[in-house]
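Chemist: how would this look folded up:
(2 chains)
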There are 2 protein chains.
Amino acid sequence: MTKKPLILVTNDDGIMAPGIRALVEVMKEFGEVAIIAPDKPQSGMGHAITINSTLRISKTGFYGVRHEYTCSGTPVDCVKFAVNKILHRKPDLCVSGINHGSNASISVIYSGTMSAAVECAIEQIPSVGFSLCNHSIDADFSASQAIVRTVVSTLLVNQIPLWSCLNVNIPPLHIDEIKGIRICRQSKANWIEELEERKDPSGNNYYWLTGRFQNFEEGNKETDSWALDKGYVSVVPVQFDMTAHAAIPILSKWNFDLKK
Amino acid sequence: MTKKPLILVTNDDGIMAPGIRALVEVMKEFGEVAIIAPDKPQSGMGHAITINSTLRISKTGFYGVRHEYTCSGTPVDCVKFAVNKILHRKPDLCVSGINHGSNASISVIYSGTMSAAVECAIEQIPSVGFSLCNHSIDADFSASQAIVRTVVSTLLVNQIPLWSCLNVNIPPLHIDEIKGIRICRQSKANWIEELEERKDPSGNNYYWLTGRFQNFEEGNKETDSWALDKGYVSVVPVQFDMTAHAAIPILSKWNFDLKK
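Modeler: Prediction:
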(Lines give C-alpha, C1' and ligand atoms only; values in the text may rest on other atoms or scores of the structure.)
Protein backbone atom coordinates (compact mmCIF):
# COMPACT_ATOMS: atom_id res chain seq x y z
CA MET A 1 0.00 0.00 0.00
CA THR A 2 1.54 3.32 -1.01
CA LYS A 3 -1.11 5.77 0.21
CA LYS A 4 -2.20 5.98 3.82
CA PRO A 5 -4.48 3.01 4.50
CA LEU A 6 -7.97 3.43 5.95
CA ILE A 7 -8.11 1.27 9.07
CA LEU A 8 -11.33 0.25 10.78
CA VAL A 9 -10.98 -0.37 14.52
CA THR A 10 -13.67 -2.19 16.44
CA ASN A 11 -13.98 -4.54 19.42
CA ASP A 12 -16.49 -6.29 21.64
CA ASP A 13 -15.68 -4.76 25.02
CA GLY A 14 -17.15 -1.41 24.00
CA ILE A 15 -15.66 1.85 22.77
CA MET A 16 -14.37 2.93 26.21
CA ALA A 17 -12.41 -0.25 26.99
CA PRO A 18 -8.68 0.18 27.65
CA GLY A 19 -7.98 -2.51 25.04
CA ILE A 20 -9.43 -0.55 22.12
CA ARG A 21 -7.71 2.59 23.38
CA ALA A 22 -4.37 0.78 23.24
CA LEU A 23 -5.17 -0.49 19.75
CA VAL A 24 -6.20 2.91 18.38
CA GLU A 25 -2.96 4.46 19.65
CA VAL A 26 -0.87 2.00 17.65
CA MET A 27 -3.05 2.03 14.53
CA LYS A 28 -2.69 5.81 14.19
CA GLU A 29 0.97 5.11 13.34
CA PHE A 30 -0.14 3.10 10.30
CA GLY A 31 -2.94 5.07 8.65
CA GLU A 32 -6.25 6.89 8.93
CA VAL A 33 -8.21 5.33 11.77
CA ALA A 34 -12.02 4.98 11.77
CA ILE A 35 -13.66 3.64 14.93
CA ILE A 36 -17.08 2.00 15.04
CA ALA A 37 -17.45 0.04 18.23
CA PRO A 38 -20.27 -1.18 20.49
CA ASP A 39 -21.72 1.31 22.98
CA LYS A 40 -21.61 -1.38 25.70
CA PRO A 41 -19.82 -4.68 26.38
CA GLN A 42 -20.68 -7.33 23.77
CA SER A 43 -18.45 -10.18 24.90
CA GLY A 44 -19.61 -13.65 23.92
CA MET A 45 -21.87 -12.32 21.17
CA GLY A 46 -20.34 -14.62 18.57
CA HIS A 47 -21.51 -13.88 15.05
CA ALA A 48 -24.81 -12.38 16.23
CA ILE A 49 -26.50 -9.68 14.16
CA THR A 50 -29.45 -7.51 15.15
CA ILE A 51 -32.51 -8.33 13.07
CA ASN A 52 -35.35 -8.39 15.59
CA SER A 53 -34.79 -4.89 16.91
CA THR A 54 -33.59 -1.52 15.69
CA LEU A 55 -30.06 -0.16 15.66
CA ARG A 56 -28.65 3.26 16.48
CA ILE A 57 -25.30 4.90 15.93
CA SER A 58 -23.89 7.97 17.69
CA LYS A 59 -20.94 10.13 16.72
CA THR A 60 -18.42 10.42 19.55
CA GLY A 61 -15.22 12.34 20.09
CA PHE A 62 -13.02 10.37 22.47
CA TYR A 63 -10.21 9.64 20.06
CA GLY A 64 -9.96 12.72 17.83
CA VAL A 65 -10.49 10.93 14.52
CA ARG A 66 -12.87 11.86 11.71
CA HIS A 67 -15.03 8.74 11.81
CA GLU A 68 -15.78 7.72 15.36
CA TYR A 69 -19.09 6.13 16.29
CA THR A 70 -20.72 3.91 18.85
CA CYS A 71 -23.27 1.37 17.67
CA SER A 72 -26.05 -0.11 19.78
CA GLY A 73 -25.56 -3.54 18.20
CA THR A 74 -23.06 -6.37 18.09
CA PRO A 75 -19.48 -6.31 16.78
CA VAL A 76 -20.70 -7.78 13.46
CA ASP A 77 -23.32 -5.01 13.24
CA CYS A 78 -20.47 -2.51 13.73
CA VAL A 79 -18.67 -3.87 10.67
CA LYS A 80 -21.86 -3.75 8.60
CA PHE A 81 -22.44 -0.13 9.65
CA ALA A 82 -18.85 0.84 8.95
CA VAL A 83 -18.81 -0.57 5.43
CA ASN A 84 -22.33 0.32 4.32
CA LYS A 85 -23.26 3.49 6.18
CA ILE A 86 -20.24 5.32 7.53
CA LEU A 87 -17.18 4.76 5.34
CA HIS A 88 -19.19 3.98 2.19
CA ARG A 89 -16.27 1.83 1.10
CA LYS A 90 -14.32 -1.13 2.34
CA PRO A 91 -11.50 -0.16 4.68
CA ASP A 92 -8.02 -1.36 3.68
CA LEU A 93 -7.65 -3.16 6.98
CA CYS A 94 -9.77 -3.94 10.02
CA VAL A 95 -8.38 -4.61 13.49
CA SER A 96 -10.58 -5.80 16.33
CA GLY A 97 -9.67 -5.72 20.02
CA ILE A 98 -7.50 -5.65 21.92
CA ASN A 99 -9.80 -8.05 23.73
CA HIS A 100 -9.62 -8.32 27.51
CA GLY A 101 -9.23 -12.10 27.70
CA SER A 102 -8.21 -15.02 25.48
CA ASN A 103 -9.97 -15.85 22.24
CA ALA A 104 -7.80 -18.86 21.48
CA SER A 105 -8.99 -22.39 20.77
CA ILE A 106 -12.79 -22.97 20.81
CA SER A 107 -13.37 -19.46 22.23
CA VAL A 108 -13.01 -18.12 18.67
CA ILE A 109 -16.58 -19.25 17.94
CA TYR A 110 -18.10 -17.39 20.93
CA SER A 111 -15.99 -14.28 20.49
CA GLY A 112 -17.45 -10.97 19.39
CA THR A 113 -13.94 -9.65 18.78
CA MET A 114 -13.17 -12.43 16.34
CA SER A 115 -16.62 -12.37 14.73
CA ALA A 116 -16.01 -8.76 13.68
CA ALA A 117 -12.78 -9.93 12.02
CA VAL A 118 -14.55 -12.91 10.42
CA GLU A 119 -17.29 -10.63 9.07
CA CYS A 120 -14.53 -8.62 7.40
CA ALA A 121 -13.12 -11.83 5.88
CA ILE A 122 -16.59 -12.55 4.45
CA GLU A 123 -16.46 -9.04 2.95
CA GLN A 124 -12.91 -9.68 1.69
CA ILE A 125 -11.42 -7.01 3.96
CA PRO A 126 -8.01 -7.95 5.47
CA SER A 127 -8.59 -8.25 9.20
CA VAL A 128 -7.08 -9.29 12.50
CA GLY A 129 -8.48 -9.84 15.96
CA PHE A 130 -6.12 -9.20 18.89
CA SER A 131 -6.67 -10.59 22.37
CA LEU A 132 -4.62 -10.35 25.53
CA CYS A 133 -4.97 -13.40 27.78
CA ASN A 134 -5.81 -11.28 30.81
CA HIS A 135 -9.41 -10.38 31.69
CA SER A 136 -8.53 -7.57 34.04
CA ILE A 137 -9.73 -4.07 33.26
CA ASP A 138 -6.32 -2.93 34.55
CA ALA A 139 -4.36 -5.26 32.27
CA ASP A 140 -1.07 -3.87 30.95
CA PHE A 141 -1.35 -3.50 27.17
CA SER A 142 2.21 -2.30 26.52
CA ALA A 143 3.52 -5.70 25.34
CA SER A 144 0.32 -6.13 23.31
CA GLN A 145 0.97 -2.81 21.59
CA ALA A 146 4.41 -4.02 20.53
CA ILE A 147 2.84 -7.23 19.18
CA VAL A 148 0.18 -5.28 17.27
CA ARG A 149 2.94 -3.17 15.74
CA THR A 150 4.85 -6.29 14.68
CA VAL A 151 1.84 -8.13 13.25
CA VAL A 152 0.41 -5.15 11.39
CA SER A 153 3.72 -4.12 9.84
CA THR A 154 4.24 -7.74 8.75
CA LEU A 155 0.83 -8.14 7.17
CA LEU A 156 1.07 -4.81 5.36
CA VAL A 157 4.04 -6.14 3.36
CA ASN A 158 2.42 -9.56 2.88
CA GLN A 159 -1.17 -10.47 2.15
CA ILE A 160 -3.62 -12.32 4.36
CA PRO A 161 -4.86 -15.26 2.24
CA LEU A 162 -8.30 -14.58 0.75
CA TRP A 163 -11.37 -15.69 2.76
CA SER A 164 -9.39 -15.70 5.99
CA CYS A 165 -8.43 -13.39 8.86
CA LEU A 166 -6.00 -13.69 11.75
CA ASN A 167 -6.70 -14.59 15.36
CA VAL A 168 -3.80 -13.21 17.42
CA ASN A 169 -3.63 -14.11 21.12
CA ILE A 170 -1.02 -12.63 23.39
CA PRO A 171 0.18 -14.23 26.64
CA PRO A 172 -0.04 -11.99 29.75
CA LEU A 173 3.73 -11.42 29.93
CA HIS A 174 6.22 -8.61 29.79
CA ILE A 175 7.49 -8.11 26.24
CA ASP A 176 10.94 -9.45 27.22
CA GLU A 177 9.34 -12.67 28.45
CA ILE A 178 7.46 -13.31 25.19
CA LYS A 179 9.30 -16.06 23.32
CA GLY A 180 8.14 -15.15 19.81
CA ILE A 181 5.25 -15.53 17.40
CA ARG A 182 3.92 -18.94 16.32
CA ILE A 183 1.56 -19.78 13.46
CA CYS A 184 -0.87 -22.34 14.92
CA ARG A 185 -4.17 -24.07 14.49
CA GLN A 186 -7.08 -23.87 16.93
CA SER A 187 -6.81 -26.58 19.60
CA LYS A 188 -9.71 -29.00 20.12
CA ALA A 189 -11.34 -28.03 23.39
CA ASN A 190 -14.61 -27.15 25.03
CA TRP A 191 -15.94 -25.30 28.04
CA ILE A 192 -17.27 -27.27 30.98
CA GLU A 193 -20.22 -25.19 32.01
CA GLU A 194 -21.33 -24.36 35.48
CA LEU A 195 -24.62 -22.50 35.59
CA GLU A 196 -24.27 -20.81 38.95
CA GLU A 197 -27.66 -20.66 40.63
CA ARG A 198 -28.69 -17.68 42.77
CA LYS A 199 -31.94 -16.36 44.21
CA ASP A 200 -33.34 -12.92 43.42
CA PRO A 201 -34.99 -10.81 46.21
CA SER A 202 -38.35 -12.45 45.34
CA GLY A 203 -36.91 -15.92 45.90
CA ASN A 204 -36.81 -16.92 42.24
CA ASN A 205 -33.79 -18.64 40.73
CA TYR A 206 -31.52 -16.99 38.22
CA TYR A 207 -28.23 -18.13 36.73
CA TRP A 208 -24.78 -16.92 35.73
CA LEU A 209 -23.09 -18.82 32.93
CA THR A 210 -19.52 -19.65 33.92
CA GLY A 211 -17.17 -22.30 32.68
CA ARG A 212 -13.85 -24.04 32.87
CA PHE A 213 -11.69 -24.51 29.78
CA GLN A 214 -10.92 -28.13 28.86
CA ASN A 215 -8.17 -28.72 26.31
CA PHE A 216 -8.38 -32.08 24.50
CA GLU A 217 -4.94 -31.61 22.93
CA GLU A 218 -2.72 -30.85 25.90
CA GLY A 219 0.92 -30.77 24.79
CA ASN A 220 0.22 -30.59 21.03
CA LYS A 221 2.74 -28.12 19.61
CA GLU A 222 0.62 -27.32 16.54
CA THR A 223 -2.04 -25.68 18.70
CA ASP A 224 -2.62 -22.14 19.90
CA SER A 225 -3.22 -23.36 23.46
CA TRP A 226 0.27 -24.88 23.58
CA ALA A 227 1.91 -21.76 22.15
CA LEU A 228 0.24 -19.49 24.72
CA ASP A 229 1.06 -21.83 27.61
CA LYS A 230 4.71 -21.71 26.59
CA GLY A 231 4.88 -17.91 26.32
CA TYR A 232 4.45 -17.48 22.57
CA VAL A 233 2.01 -15.21 20.75
CA SER A 234 -0.34 -17.47 18.76
CA VAL A 235 -1.44 -16.50 15.24
CA VAL A 236 -4.24 -18.68 13.81
CA PRO A 237 -5.59 -18.07 10.30
CA VAL A 238 -9.39 -18.24 10.58
CA GLN A 239 -11.99 -18.98 7.91
CA PHE A 240 -15.79 -19.12 7.81
CA ASP A 241 -16.54 -22.18 5.68
CA MET A 242 -18.38 -24.32 8.22
CA THR A 243 -18.62 -27.33 5.86
CA ALA A 244 -17.13 -30.52 7.30
CA HIS A 245 -15.65 -31.46 3.92
CA ALA A 246 -14.25 -34.79 5.14
CA ALA A 247 -17.76 -35.87 6.15
CA ILE A 248 -19.25 -35.41 2.65
CA PRO A 249 -18.10 -38.79 1.23
CA ILE A 250 -19.33 -40.53 4.40
CA LEU A 251 -22.81 -38.98 4.24
CA SER A 252 -22.98 -39.60 0.50
CA LYS A 253 -23.10 -43.36 1.23
CA TRP A 254 -26.14 -42.99 3.47
CA ASN A 255 -29.36 -44.22 1.94
CA PHE A 256 -32.02 -41.55 2.48
CA ASP A 257 -35.36 -43.21 1.89
CA LEU A 258 -37.54 -40.16 1.16
CA LYS A 259 -40.89 -40.84 2.84
CA LYS A 260 -43.31 -39.03 0.51
CA MET B 1 -29.97 -47.34 19.54
CA THR B 2 -32.03 -50.05 21.18
CA LYS B 3 -33.69 -48.16 24.03
CA LYS B 4 -35.84 -45.09 23.47
CA PRO B 5 -33.48 -42.20 22.73
CA LEU B 6 -33.61 -38.94 24.69
CA ILE B 7 -34.06 -36.16 22.13
CA LEU B 8 -33.42 -32.49 22.87
CA VAL B 9 -35.50 -30.11 20.77
CA THR B 10 -34.62 -26.43 20.54
CA ASN B 11 -34.80 -23.59 18.01
CA ASP B 12 -34.19 -19.87 17.59
CA ASP B 13 -37.71 -18.66 16.76
CA GLY B 14 -38.92 -19.27 20.31
CA ILE B 15 -40.86 -22.05 21.98
CA MET B 16 -44.23 -21.02 20.50
CA ALA B 17 -43.14 -20.94 16.84
CA PRO B 18 -45.06 -23.23 14.47
CA GLY B 19 -41.72 -24.66 13.27
CA ILE B 20 -40.76 -26.12 16.65
CA ARG B 21 -44.30 -27.40 17.11
CA ALA B 22 -44.03 -29.30 13.82
CA LEU B 23 -40.64 -30.67 14.87
CA VAL B 24 -41.80 -31.83 18.32
CA GLU B 25 -44.73 -33.70 16.74
CA VAL B 26 -42.40 -35.77 14.57
CA MET B 27 -39.72 -36.31 17.22
CA LYS B 28 -42.25 -37.86 19.60
CA GLU B 29 -42.37 -40.77 17.14
CA PHE B 30 -38.67 -41.41 17.72
CA GLY B 31 -38.08 -41.11 21.44
CA GLU B 32 -38.47 -39.17 24.69
CA VAL B 33 -38.59 -35.48 23.81
CA ALA B 34 -37.15 -32.72 26.02
CA ILE B 35 -37.70 -29.13 24.96
CA ILE B 36 -35.54 -26.21 26.04
CA ALA B 37 -36.11 -23.27 23.72
CA PRO B 38 -35.82 -19.47 23.85
CA ASP B 39 -38.68 -17.53 25.44
CA LYS B 40 -38.59 -15.05 22.53
CA PRO B 41 -37.29 -14.91 18.94
CA GLN B 42 -33.51 -15.26 18.78
CA SER B 43 -32.95 -15.26 15.02
CA GLY B 44 -29.54 -14.09 13.86
CA MET B 45 -27.97 -14.71 17.28
CA GLY B 46 -25.20 -16.84 15.80
CA HIS B 47 -23.07 -18.53 18.44
CA ALA B 48 -23.82 -15.89 21.08
CA ILE B 49 -23.83 -16.84 24.76
CA THR B 50 -25.03 -14.77 27.70
CA ILE B 51 -22.14 -13.78 29.95
CA ASN B 52 -22.81 -10.12 30.73
CA SER B 53 -26.28 -10.65 32.16
CA THR B 54 -28.23 -13.25 34.08
CA LEU B 55 -30.28 -16.13 32.72
CA ARG B 56 -33.62 -17.56 33.74
CA ILE B 57 -35.50 -20.72 32.87
CA SER B 58 -39.22 -21.43 33.29
CA LYS B 59 -41.04 -24.74 33.20
CA THR B 60 -43.88 -24.71 30.67
CA GLY B 61 -46.57 -27.14 29.65
CA PHE B 62 -47.42 -26.55 26.02
CA TYR B 63 -46.27 -29.89 24.66
CA GLY B 64 -47.06 -32.40 27.39
CA VAL B 65 -43.52 -33.70 27.86
CA ARG B 66 -41.60 -34.16 31.11
CA HIS B 67 -38.80 -31.69 30.42
CA GLU B 68 -40.14 -28.54 28.82
CA TYR B 69 -38.58 -25.17 29.54
CA THR B 70 -38.16 -21.69 28.12
CA CYS B 71 -34.82 -19.98 28.56
CA SER B 72 -34.25 -16.22 28.56
CA GLY B 73 -31.01 -16.61 26.60
CA THR B 74 -29.77 -17.62 23.18
CA PRO B 75 -30.10 -20.99 21.42
CA VAL B 76 -26.56 -21.89 22.55
CA ASP B 77 -27.51 -21.01 26.14
CA CYS B 78 -30.48 -23.40 25.77
CA VAL B 79 -28.13 -26.27 24.90
CA LYS B 80 -25.88 -25.45 27.85
CA PHE B 81 -28.87 -25.39 30.21
CA ALA B 82 -30.25 -28.63 28.79
CA VAL B 83 -27.03 -30.57 29.22
CA ASN B 84 -25.80 -29.09 32.51
CA LYS B 85 -28.91 -28.14 34.47
CA ILE B 86 -32.01 -29.90 33.20
CA LEU B 87 -31.20 -33.30 31.72
CA HIS B 88 -27.99 -33.75 33.74
CA ARG B 89 -26.72 -35.88 30.88
CA LYS B 90 -26.08 -35.59 27.18
CA PRO B 91 -29.17 -36.29 25.10
CA ASP B 92 -28.80 -39.02 22.46
CA LEU B 93 -29.79 -36.58 19.74
CA CYS B 94 -30.53 -32.88 19.40
CA VAL B 95 -32.73 -31.38 16.70
CA SER B 96 -33.03 -27.63 16.22
CA GLY B 97 -35.74 -25.86 14.24
CA ILE B 98 -37.70 -26.16 12.13
CA ASN B 99 -36.46 -22.66 11.33
CA HIS B 100 -38.74 -20.23 9.56
CA GLY B 101 -36.35 -19.29 6.73
CA SER B 102 -33.22 -20.62 5.04
CA ASN B 103 -29.99 -21.29 6.91
CA ALA B 104 -28.11 -22.43 3.81
CA SER B 105 -24.80 -21.05 2.57
CA ILE B 106 -23.22 -18.22 4.59
CA SER B 107 -26.40 -17.88 6.71
CA VAL B 108 -25.16 -20.85 8.76
CA ILE B 109 -22.77 -18.53 10.61
CA TYR B 110 -25.49 -16.03 11.63
CA SER B 111 -28.05 -18.69 12.48
CA GLY B 112 -29.19 -19.34 16.04
CA THR B 113 -30.83 -22.57 14.88
CA MET B 114 -27.57 -23.92 13.51
CA SER B 115 -25.48 -22.59 16.41
CA ALA B 116 -27.51 -24.74 18.80
CA ALA B 117 -26.66 -27.74 16.61
CA VAL B 118 -22.99 -26.70 16.42
CA GLU B 119 -22.85 -26.34 20.22
CA CYS B 120 -24.05 -29.94 20.42
CA ALA B 121 -21.29 -30.99 17.99
CA ILE B 122 -18.77 -29.31 20.32
CA GLU B 123 -20.29 -31.39 23.12
CA GLN B 124 -20.16 -34.53 20.92
CA ILE B 125 -23.95 -34.84 20.82
CA PRO B 126 -25.36 -35.95 17.42
CA SER B 127 -27.37 -33.00 16.14
CA VAL B 128 -29.25 -31.59 13.17
CA GLY B 129 -30.65 -28.18 12.35
CA PHE B 130 -33.71 -28.08 10.10
CA SER B 131 -34.81 -25.00 8.18
CA LEU B 132 -37.67 -24.41 5.77
CA CYS B 133 -36.87 -21.80 3.11
CA ASN B 134 -40.02 -19.84 3.85
CA HIS B 135 -40.04 -17.02 6.41
CA SER B 136 -43.81 -16.88 6.78
CA ILE B 137 -45.37 -17.60 10.15
CA ASP B 138 -48.08 -19.43 8.19
CA ALA B 139 -45.62 -21.63 6.29
CA ASP B 140 -46.79 -25.19 5.61
CA PHE B 141 -44.53 -27.59 7.52
CA SER B 142 -46.09 -30.84 6.27
CA ALA B 143 -43.38 -31.54 3.66
CA SER B 144 -40.75 -30.52 6.23
CA GLN B 145 -42.16 -33.06 8.67
CA ALA B 146 -41.73 -35.82 6.09
CA ILE B 147 -38.12 -34.68 5.51
CA VAL B 148 -37.41 -34.64 9.26
CA ARG B 149 -38.77 -38.20 9.48
CA THR B 150 -36.53 -39.31 6.61
CA VAL B 151 -33.39 -37.63 7.91
CA VAL B 152 -33.81 -38.72 11.52
CA SER B 153 -34.58 -42.35 10.67
CA THR B 154 -31.52 -42.38 8.39
CA LEU B 155 -29.14 -40.92 10.94
CA LEU B 156 -30.38 -43.25 13.69
CA VAL B 157 -29.11 -46.25 11.68
CA ASN B 158 -25.91 -44.45 10.66
CA GLN B 159 -23.67 -42.16 12.65
CA ILE B 160 -23.00 -38.46 12.17
CA PRO B 161 -19.20 -38.16 11.87
CA LEU B 162 -17.60 -36.95 15.13
CA TRP B 163 -17.16 -33.17 15.55
CA SER B 164 -19.86 -32.40 13.01
CA CYS B 165 -23.60 -31.86 12.79
CA LEU B 166 -26.04 -31.57 9.89
CA ASN B 167 -27.51 -28.45 8.33
CA VAL B 168 -30.71 -29.51 6.55
CA ASN B 169 -32.50 -26.93 4.41
CA ILE B 170 -35.84 -27.68 2.80
CA PRO B 171 -37.19 -25.90 -0.30
CA PRO B 172 -40.68 -24.36 0.08
CA LEU B 173 -42.37 -27.02 -2.03
CA HIS B 174 -45.06 -29.67 -1.73
CA ILE B 175 -43.53 -33.04 -0.83
CA ASP B 176 -44.31 -34.40 -4.33
CA GLU B 177 -42.36 -31.56 -5.90
CA ILE B 178 -39.22 -32.21 -3.80
CA LYS B 179 -36.70 -33.93 -6.06
CA GLY B 180 -34.69 -35.68 -3.35
CA ILE B 181 -31.96 -35.15 -0.78
CA ARG B 182 -28.47 -33.96 -1.76
CA ILE B 183 -25.30 -33.95 0.34
CA CYS B 184 -23.68 -30.58 -0.35
CA ARG B 185 -21.15 -28.08 0.81
CA GLN B 186 -21.92 -24.50 1.87
CA SER B 187 -21.84 -22.14 -1.15
CA LYS B 188 -19.56 -19.08 -1.07
CA ALA B 189 -21.81 -16.07 -0.67
CA ASN B 190 -22.44 -12.96 1.36
CA TRP B 191 -25.25 -10.59 2.25
CA ILE B 192 -25.33 -7.16 0.65
CA GLU B 193 -26.50 -5.03 3.52
CA GLU B 194 -28.96 -2.22 3.40
CA LEU B 195 -29.29 -0.38 6.69
CA GLU B 196 -32.73 1.10 6.26
CA GLU B 197 -32.82 4.53 7.89
CA ARG B 198 -35.94 5.79 9.67
CA LYS B 199 -36.73 8.63 12.06
CA ASP B 200 -38.19 8.11 15.54
CA PRO B 201 -40.89 10.47 16.90
CA SER B 202 -38.13 12.72 18.29
CA GLY B 203 -36.54 13.09 14.87
CA ASN B 204 -33.52 10.88 15.58
CA ASN B 205 -32.31 8.27 13.10
CA TYR B 206 -32.59 4.58 13.73
CA TYR B 207 -31.91 1.63 11.45
CA TRP B 208 -33.20 -1.77 10.42
CA LEU B 209 -30.63 -4.25 9.17
CA THR B 210 -31.82 -5.85 5.94
CA GLY B 211 -29.92 -7.54 3.17
CA ARG B 212 -29.89 -9.24 -0.17
CA PHE B 213 -28.25 -12.64 -0.65
CA GLN B 214 -25.39 -12.74 -3.16
CA ASN B 215 -24.23 -16.16 -4.32
CA PHE B 216 -20.66 -16.23 -5.68
CA GLU B 217 -21.07 -19.79 -6.97
CA GLU B 218 -24.23 -19.62 -9.06
CA GLY B 219 -24.72 -22.91 -10.92
CA ASN B 220 -22.21 -24.94 -8.87
CA LYS B 221 -23.80 -28.35 -8.33
CA GLU B 222 -21.73 -29.11 -5.22
CA THR B 223 -23.40 -26.31 -3.27
CA ASP B 224 -26.46 -26.13 -1.05
CA SER B 225 -27.69 -23.02 -2.87
CA TRP B 226 -27.83 -24.94 -6.16
CA ALA B 227 -29.63 -27.91 -4.60
CA LEU B 228 -32.32 -25.71 -3.04
CA ASP B 229 -32.81 -23.71 -6.26
CA LYS B 230 -33.40 -26.96 -8.12
CA GLY B 231 -35.92 -28.34 -5.63
CA TYR B 232 -33.68 -30.65 -3.58
CA VAL B 233 -33.31 -30.78 0.19
CA SER B 234 -29.70 -29.81 1.00
CA VAL B 235 -27.77 -31.63 3.73
CA VAL B 236 -24.45 -30.01 4.66
CA PRO B 237 -22.20 -31.56 7.31
CA VAL B 238 -21.04 -28.68 9.54
CA GLN B 239 -17.98 -28.43 11.77
CA PHE B 240 -16.61 -25.80 14.15
CA ASP B 241 -12.87 -25.78 13.47
CA MET B 242 -12.43 -22.21 12.26
CA THR B 243 -8.75 -22.73 11.37
CA ALA B 244 -7.92 -21.91 7.73
CA HIS B 245 -5.56 -24.89 7.50
CA ALA B 246 -4.47 -24.11 3.94
CA ALA B 247 -3.24 -20.69 5.07
CA ILE B 248 -0.85 -22.08 7.71
CA PRO B 249 2.06 -22.84 5.31
CA ILE B 250 1.63 -19.41 3.71
CA LEU B 251 1.76 -17.54 7.03
CA SER B 252 4.65 -19.70 8.20
CA LYS B 253 6.82 -18.05 5.53
CA TRP B 254 6.11 -14.54 6.84
CA ASN B 255 8.97 -12.97 8.70
CA PHE B 256 7.62 -11.52 11.94
CA ASP B 257 10.22 -9.12 13.24
CA LEU B 258 9.27 -8.94 16.92
CA LYS B 259 9.75 -5.31 17.95
CA LYS B 260 10.75 -5.68 21.59
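Chemist: number of nearby residues for the closest residue to residue A:127 other than its chain neighbours?
Modeler: In space, and not counting its chain neighbours, residue A:127 is closest to residue A:120: 3.5 Å by Cβ to Cβ, 6 or more residues apart in numbering or on different chains. C-beta: built from backbone N, CA, C; applies to glycine. Neighbour count for residue A:120, taken as other Cβ atoms under 10 Å in any protein chain shown: 28.
Chemist: Residue A:158 too?
Modeler: Count around residue A:158 with other Cβ under 10 Å applied: 14.
Chemist: Surely it is in contact with residue B:252?
Modeler: No. Residue A:158 lies out of contact with residue B:252 (Cβ atoms under 8 Å); the separation is 11.5 Å.
Chemist: Wait, residue A:172 touches residue A:133, no?
Modeler: Yes. Contact criterion Cβ under 8 Å: residue A:172 and residue A:133 qualify, at 5.1 Å.
Chemist: between the two, which one's more packed in?
Modeler: residue A:133 (21 against 18).
Chemist: dump the residue contacts of the more buried one.
Modeler: A:101-102, A:104, A:169-172, A:228 (Cβ atoms under 8 Å, 6 or more residues apart in numbering or on different chains).
Chemist: Residue A:208 falls within a strand, correct?
Modeler: Yes. Assessed with DSSP: H, G, I helix; E, B strand; the rest coil, residue A:208 lies in a strand.
Chemist: how close does residue A:203 get to residue A:88?
Modeler: Residue A:203 sits at a distance of 53 Å from residue A:88 (criterion: Cβ to Cβ, to the nearest Å).
Chemist: correction: residue A:54
Modeler: Residue A:54 is 21 Å from residue A:88, by Cβ to Cβ.
Chemist: again, but for residue A:171
Modeler: 39 Å.
Chemist: So the two - more neighbours on which side?
Modeler: residue A:171 (23 against 8).
Chemist: Does residue A:70 lie in a helix or a strand, and which?
Modeler: Assessed by DSSP states H and E, residue A:70 sits inside strand A:68-71.
Chemist: Show me where the stretch 51-200 of chain A has its helices.
Modeler: In the stretch 51-200 of chain A, the helices defined using DSSP state H, counting those that start in this stretch lie at A:75-81, A:112-122, A:142-157.
Chemist: quick one: which of these is nearest residue B:115?
Modeler: helix A:112-122 (11.5 Å; Cβ to Cβ).
Chemist: buried ones in that closest one?
Modeler: A:112-122 (16 or more other Cβ atoms under 10 Å in any protein chain shown).
Chemist: for stretch A:211-225, same thing?
Modeler: Neighbour-count burial for stretch A:211-225 flags A:211, A:215, A:217, A:223-225 (criterion: 16+ other Cβ under 10 Å).
Chemist: Likewise for stretch A:179-199?
Modeler: In stretch A:179-199, counting by 16+ other Cβ under 10 Å, buried: A:181-191, A:193, A:195.
Chemist: and those near chain B, which?
Modeler: A:181, A:183, A:185-186, A:188, A:190, A:193, A:195 (Cβ under 8 Å from any Cβ of the partner chain).
Chemist: Any idea which residue is closest to the centre of chain A?
Modeler: With distances taken as Cα atoms, centre = their mean, the residue of chain A nearest its centroid is residue A:114 (2.2 Å).
Chemist: for that one, what are its contacts?
Modeler: A:96, A:103, A:108, A:129, A:131, A:165, A:167, A:238, B:242.
Chemist: returning to that earlier point: generate JSON lines for the ones next to chain B among the buried residues of stretch A:179-199, with pLDDT and distance to residue A:67 as supplementary columns.
Modeler: As requested, those are exported to JSON lines (pLDDT from 0 to 100; distance: Cβ to Cβ, whole Å):
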{"residue": "A:181", "pLDDT": "97", "distance to residue A:67": "30"}
{"residue": "A:183", "pLDDT": "98", "distance to residue A:67": "32"}
{"residue": "A:185", "pLDDT": "98", "distance to residue A:67": "35"}
{"residue": "A:186", "pLDDT": "98", "distance to residue A:67": "32"}
{"residue": "A:188", "pLDDT": "96", "distance to residue A:67": "40"}
{"residue": "A:190", "pLDDT": "93", "distance to residue A:67": "39"}
{"residue": "A:193", "pLDDT": "88", "distance to residue A:67": "39"}
{"residue": "A:195", "pLDDT": "94", "distance to residue A:67": "41"}
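Chemist: Out of those, list just those in strands.
Modeler: Judged by DSSP state E, those include A:181, A:183, A:190, A:193, A:195 as members of strands.
Chemist: Around chain B, which positions in the stretch 1-150 of chain A sit nearby?
Modeler: Counting by Cβ under 8 Å from any Cβ, the residues of the stretch 1-150 of chain A that sit close to chain B are A:41-52, A:54-57, A:73-74, A:76-77, A:80-81, A:83-85, A:106, A:108-110, A:114-115, A:118, A:122-123, A:146-147, A:149-150.
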